[in-house]
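Novice: got a predicted structure plus its sequence, pasted below:
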Amino acid sequence: FLVSGERIVFIECNPRIQVEHTVTEEAVGVDIVSAQIRLAEGLSLQEMGIQTLSLQRCAVQARVVMTQAGRVGAYHEPGGPG
């Protein structure tokens, strides 16, 4: 979305679940897929016990790109300042 003073303009709205939804689920503690199904069934967020959303933790999603099929033999987390 874009913000200009008091004006807020949404430039895109995706009504589908994104592939990265698991990261959001971990961060806010809500099963988004289940919530979407229950909303479609007619329940309200309040009826599901969802009053507000707040960040409860951090989550990171990483993708592994391999040039050929096989087993990942090692993993090294990034490090350094920042």
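Specialist: On my side now, so go ahead.

Novice: could you find the closest non-adjacent residue to the residue nearest the centre of the chain?
Specialist: For the chain, the residue nearest the mean C-alpha position is residue 24 (2.4 Å; Cα atoms, centre = their mean). Leaving aside its chain neighbours, residue 24 sits nearest to residue 32 (6.3 Å; criterion: Cβ to Cβ, 6 or more residues apart in numbering). The way it works is simple: take the backbone N, C-alpha and C, and place the C-beta from them, glycine included.

Novice: enumerate every residue touching the one you found.
Specialist: By Cβ atoms under 8 Å, 6 or more residues apart in numbering, the contact list for residue 32 reads 17, 21, 24-25.

Novice: ok, now how distant is it from residue 22?
Specialist: 9 Å (Cβ to Cβ, to the nearest Å).

Novice: cool, and residue 12?
Specialist: Taking Cβ to Cβ, one finds residue 12 at 21 Å from residue 22.

Novice: cool, residue 34 as well?
Specialist: Distance from residue 34 to residue 22, by Cβ to Cβ: 13 Å.

Novice: neighbour count: these two, which is higher?
Specialist: Per other Cβ atoms under 10 Å, whichever of residue 34 and residue 22 has more neighbours is residue 22, with 15 against 11.
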